[in-house]
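J.: Need coordinates for the below:
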Amino acid sequence: MSREQSKAAQYIQQLDEARCEGNWDAVPELVRKIKKHAPHRTCLILTAESEFTVVQAALTKPPSARPPTAGNPSTSTGQTAHTETTATAAYTQYPSISRYIPLLLEAIEKERTYVEDEFQAQVCLGWIHWQLGEPSLAASRLPRSVEHDFAQLDGTGKESAQWTRVCALKASYIKGSAQGRTGAVAEALESYESALPILSSVSATTQPSKELRSWTELYLTGFCILASHAIRSKISSILETETLSAFRAWAKFWEAQGPTPSGGRALQAEVFRRQVWKEYYSTLSDVLQQDLPFPTTSLTTAYAETSTRLQQRAELKRVEARYENLLLAEVQFPKAVEASDEVEAFVDLAMQNWQILCGSSWSERDLGEGGAEAVSRGVLDILYRAATKTFHSTRILRHLFTVHLAVADFDLAFKAFDTYMEIVRKGKARIEKTGEEEHGLDDDETVLRTASECIKALCRYGSRQGAEKAKDLGQFFEDWLDKHHPNTNGNANGRALENGTSRETETMIPPRVFALAWRCIGIAHAQWGRLTYDASARSDIQLGAIRCFRKSLMPQYESTHNVETLFALGTILAERRELGAAIEVVKSGLLPHSNITNGLAPHAGRFSRERSLIPLWHLMSLLLSARQDFLTAARSCEGAFEQFQDPKNLFGEADLNGVYRSDHLNEKSFGRSQGGVVDDMDDFERESVLEVKMTQLALIEVLEGPEVAVNASDELLSLYTRLFVDPKTDSAPSSNKALTVPPKSSAGTIKSITGSIFGRSGRSVGKSMVSGSIASEKTLVARPKTTQTIASTRAPTIQVTSENGTAAKQHQHEKLQKRSDSVGKKKGPGSTRERSTSTGPRRSDSGAKSQESHNPTTADGEKFFTPPSDTSNRDQWLNDGGNATKPATLTKSSPNSRPGSRPLPPKSQHAAQKEPPLKAALQNTALSQDTRSPHISAFSWSTNPPTRFPKDQQRRRRSAILVKVWLLVSGFYRRASLYEDAKGGIDEAYKLVKTLEEEVSRDVSGNVSIDHPGWGGGKSVAELWGDVFSERGYLAVAETAPYVALEHFESALSHFANHPSAIVGLSNILLDIYTEELLPPPSIPGLVLPRSLATPSSSTVNTPIMNTPLTTQPPPVKPSSSLPVIPHGPIGLASTKPQPNGAGQTSQEPISTPQSQISGLEPNYRGSSTSLLDRLAARDRAYGLLTALTKLGTGWNYSEAWFALARAYEEGGQPDKAREVLWWCVELEEGRGVRDWSVVGSGGYVL
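T.: Model (predicted):
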């Protein structure tokens, strides 16, 4: 090579480097030298001069004259025509640019030697037309296939020049941008996408030049924005998954630049860089929310051992963080009259993603480390950072309430809601006063939805204080609806004037939102009616709740078949003993409707309607048991499970082989096909399933006796193990032995835990209840304790009078006597349990039984229809029930449900009913048969994820549920006269409560204490101690040890002062002391206490807490002749000087005690002057305890308490009050189910 050629090659290389680095000032001199040393490179020289001129013109051009880019892809054909008409003005404005067009055309035509020079000239020519505003000419001047031409240049045996690579990307960007400007979006996207291989080869360079970075950014910006616009406007068939390749290239480009992407805007770009990140985040969000297939290409970091969902979550989180950083750095804090629209839009999108990620369609394994808890905490951080760029944003406050509620931060959630409501109230007041809209203030629909969610949370997770706050909030919105939307009752389309003013602007509120609001207002009233101390106002509060529920069911609100409303209405009607109306309401909820839609919200979960119907089946069972139709009540319990068609759907496919499987195989085989519906439930729903089983066992006890219920008790423990103990991850609240082995009775009725959940194997009585087994004892490995707490209810207390009269020693209540008679009538030749719980062919082989189930059942003088045992006939019963039961039955109730005939509580305890008689639910015939309105499932109405409690709290809640199970089992053993086994069950409960007390005492958060269980905590440790000692007391009564029972009842009240069953048990013993059936116990106990009387060390601070149904009270037992006769002095002290017979008797004794003649008491005590003080003290204490209990929400409908109070009145010389109370007690017993009504809903009136 000659010296001249070497200089030419050197200057050409320098020219290439100068253009790549954007050193345009050096280009003219280098062009002059190339002209001198290489004059034959005419095309290269002309191209370099043209590029220098274009760059200078671009630098001097005003911003308004910037050439069109992909930042404006919405240009239509008309806009393109306008661009072409202004081309002449561009020629005159930039004559230095336009004069190169013919020269370049000529040079391209003549160039045959240097292919790269020709390619660069073509790109420069297209650049000039693009700069002049001629997109059509720019696209036509560029190579037809830029990627094909570049591949030929780069594959000729030598590496192409750096500037040629820059020109390839520049050509791809200009061509795609020009085609987008002309409206050819599909062709533009194809041009952009074809250049991705070019980008890949160019990105392989170790140090990309300045111009390469600039044109790469412009290319990726144009590609991403155009693709995102094409998806939103649906003007192209491109999919979100195809667009991700462009966005991933954009992300990879910025990863090479540094850890944090730069903000601002590129020189010739029309959009800010954060706009591209925003579109990237929006596209990923669309893929997530629409459940589209997530592509994993070579442009994203892929790990062979990482699941696709983990990659999707990681990419979404990474892009979310980058966009948020740019957004918060570039957006300024708004003025008071302004709104941060982009910040709030980002927050809304993040919340929508959070609802999907923490919903039912994503598992904890899909979310990676931390699971849903980490996702929710990350969203909270986003919300708090976004709040620094907004001014009083109701949207962010609303989202803070929602997410804090989901992670069980109840205090912060309700503080956020209080602030939200304060801003909304003031804003609505200003709008009403000035008539001017306020930007960013939530509309009426959103406010009603948010307030409804708050009321539901307060009633479901709160104690009495939460219910009081919900009551105040419900009253406010009730008045607000009556004021601002007074005409909605007659407006079928649900339209209402915003704020109730006469403004022309109207807002549309969906009818179902009004139904939701009225339902939640009713729930607030009902919950307050259950917990209020004002006994005189309870009836009015309940009537107000019923009115709200009926408003929610009005046809214009399109929610006549809403399960949540029907459940709440049916529950409160049952509590008011309006059994006929309650049965019709619950039955209308169980009716199948052809237009029911379960998927109103995304990811509502499998069998969402069936899950919501479990409490309704349970409530129907209790209602039927109150009508003494125990067989049909047992079938209703079966219906709660059989609606899932196959036990595998509910409980999953359990591996019964006991074969060892490695962790790898377990992970591979675990999926939604292996798990059951119970795995998708939270602990509240699981407890509802467990309560159905407990009611089923209570019905077995009534039908066949406690001995059979004892045999089935291990089924309850097996079900608890399946619901709350995960064999792979959880450990049980107590030892495996405590979970799986109930106390072995002396009758040898123990059964292996391998048995069926719903049925039992061959035993002394009955056959298998329901097919479907769970894992064998080998596979029931302990699973980690997890957390959540809710009001757990006490064991059912059913006193059954046997046919031979063995229970004569107990108080014979009229209700229980009637049940015994009904059981005797209904028992057939076969086992009653076999009839009520057998499965499969056993049900369908007898047509007589099927036909019999369709006949009306007469109870309390009224006919009503009950479900048949088999599924097919039950469906037919539900469909034909409206025809069989005439609409007239909707407006008439049973004798116990008519307000005119139902006696009210005694006047001293309850106020008279002021409201007019209630109409029964769904009294309109057309309304009762309306099938036009779609059903809204309780688990698909709200898209918010369920509340996830901390692990410790969830473990405490599950332990409390297990305590309730053990006490129920102990009650079965006690009533079966298996006292040692009953003690074993109580001891298991004792150990659990003791462990709970130790855990609570170690808690340093301050959220829970011995007397306060915290939000969603259910029963406190103090109340659980009361349950344990109360059950011990009744066991002692059954063993004819009244003094031991007295000690246990006192211990129960020392832990929980308002414990209902303990108060009743203690009062009965005190009244026995008053009637001289028992001696008063010594006031000063001995120095050494019996082992059985040892009590745990715990706080004795007594706080009234929401109570749940407890065991019925066995009556006191008269002392036998074997009891020692001990002389006593004042207040039970031992007397050293015997008194003569009759000494101390006064005429002031209000009641004569004929029993004292045969009581076995020594005359010296009966005649002492202090014996009357002992007796009066006992009677007055019993009276005070019972009077206070019957005024509380936990005892106003507790028949045993009223019965004991009637006895106290009688012994106190008030027969009129005693008679009044006894009639009230009879009324309570007439409308009483086999268990308390509160057990049907673990969340109160909220499903």
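J.: May I see the domains of this protein written out as residue ranges?
T.: 444-485+509-592+604-656+676-724, 951-1057, 1169-1243 (the TED database).
J.: which residues touch the residue nearest to Ala314 when sequence neighbours are not counted?
T.: Using C-beta to C-beta, 6 or more residues apart in numbering and skipping the chain neighbours, the partner closest in space to Ala314 is Gly368 (7.3 Å). C-beta: built from backbone N, CA, C; applies to glycine. Contact partners of Gly368, counting by C-beta atoms under 8 Å, 6 or more residues apart in numbering, are 310, 313-314, 374.
J.: Next one, pLDDT for Gly368 please.
T.: The score at Gly368 is 86. That number is its pLDDT.
J.: And it, its phi and psi?
T.: phi 80, psi -160 (degrees, to the nearest 10).
J.: could we number from 374 for the rest of this?
T.: Sure thing, new numbering starts at 374, so read that last one as Gly741.
J.: mind checking how far it is from Leu683?
T.: Here the criterion is C-beta to C-beta, to the nearest Å. By it, Gly741 lies 5 Å from Leu683.
J.: For Val519, give me the pLDDT.
T.: pLDDT, read off for Val519, is 81.
J.: now Gly631
T.: In this prediction Gly631 is given a pLDDT of 73.
J.: Near it, how many other residues are there?
T.: By other C-beta atoms under 10 Å, 8 other residues sit near Gly631.
J.: ok, it - contacts?
T.: Counting by C-beta under 8 Å, 6+ apart, Gly631 has no contacts.
J.: Let me know the distance separating it from Ile956.
T.: 70 Å.
J.: Confirm Lys762 sits in a helix?
T.: No: Lys762 is assigned coil when assessed by DSSP: H, G, I helix; E, B strand; the rest coil, not a helix.
J.: My read is that it contacts Glu703, right?
T.: No: with contact defined as C-beta atoms under 8 Å, Lys762 does not count as touching Glu703 (10.0 Å).
J.: For those two, indicate the residue with more neighbours.
T.: Neighbours were counted for Lys762 and for Glu703 using other C-beta under 10 Å; Lys762 has more, 20 against 14.
J.: Okay, the more buried one and Ser635: tell me how far apart.
T.: Lys762 is 20 Å from Ser635, by C-beta to C-beta.
J.: One more: Ser994?
T.: Relative to Ser635, Ser994 is positioned 66 Å away (C-beta to C-beta).
J.: the more surrounded of the two?
T.: Neighbours per residue (other C-beta under 10 Å) separate Ser994 from Ser635, with Ser994 holding more: 32 against 12.
J.: The more buried one touches Leu1072, doesn't it?
T.: Yes: shown here, Ser994 and Leu1072 form a contact pair, counting by C-beta under 8 Å, at 7.4 Å.
J.: ok, and the closest non-adjacent residue to Tyr653?
T.: Phe620 (4.1 Å).
J.: Check Ser1175 and give its pLDDT.
T.: 37.
J.: shared neighbours of Ser994 and Leu1072, anything?
T.: 1006-1007, 1010.
J.: all helices of the stretch 1274-1423 of the chain, in order?
T.: Using DSSP state H, counting those that start in this stretch, the helices of the stretch 1274-1423 of the chain run over 1298-1301, 1324-1348, 1352-1375, 1394-1411, 1415-1428.
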